[in-house]
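In: Fold the following for me, if possible:
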Amino acid sequence: MNIGIDMDNTICSTSEKILEYEEKFIKQEKISSDILWEDALYKTKFLNIYLERIYNEAKLKECAREVINNLKK
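Out: Next comes the predicted model:
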């Protein structure tokens, strides 16, 4: 059996990391947060640069590892 798990703010706190990298990106690009998320080119560029880092650096939520291990059993 395969189990799919939603990572975004379900088992890990991705929004904190997204905001951290968003701030860096909008300063670098000299744009607003609204433009970042409304303009497909900026959004794609942001995700290409930071998405992997966001997932690698996001902290697991309390008990997430335990719950996943219990599902695995």
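
In: And the helix or strand harbouring L47, what's buried?
Out: Using DSSP states H and E, L47 sits within helix 40-57. The neighbour-count check on helix 40-57 (16 or more other C-beta atoms under 10 Å) flags 42, 46, 50, 54 as buried. (Each C-beta comes from the backbone N, C-alpha and C, glycine too.)

In: Quick check: of these, which lies closest to L19?
Out: Using C-beta to C-beta, I54 comes nearest to L19 of the buried residues of helix 40-57, at 10.0 Å.

In: which residues touch the helix or strand of the chain with the lowest mean pLDDT?
Out: The weakest-scoring helix or strand in the chain, judged by mean pLDDT, DSSP states H and E, is helix 64-72 (a mean of 86). Applying C-beta atoms under 8 Å, 6 or more residues apart in numbering, the contact partners of helix 64-72 are 3, 5, 11-12.

In: between the helix or strand in which I26 is found and helix 40-57, how many degrees?
Out: If you go by DSSP H and E, I26 is part of helix 14-29. Here helix 14-29 runs at 130 degrees with respect to helix 40-57, directions being taken by axes from the mean of the first three to the mean of the last three C-alpha atoms, to 10 degrees.

In: C-terminal to helix 14-29, what's the next element?
Out: Downstream of helix 14-29, the next assigned helix or strand under DSSP H and E is helix 33-38.

In: and that following helix, what does it pack onto?
Out: Applying 3 or more C-beta pairs under 8 Å, 6 or more residues apart in numbering; DSSP states H and E, one finds that helix 33-38 makes contact with helix 14-29, helix 40-57.
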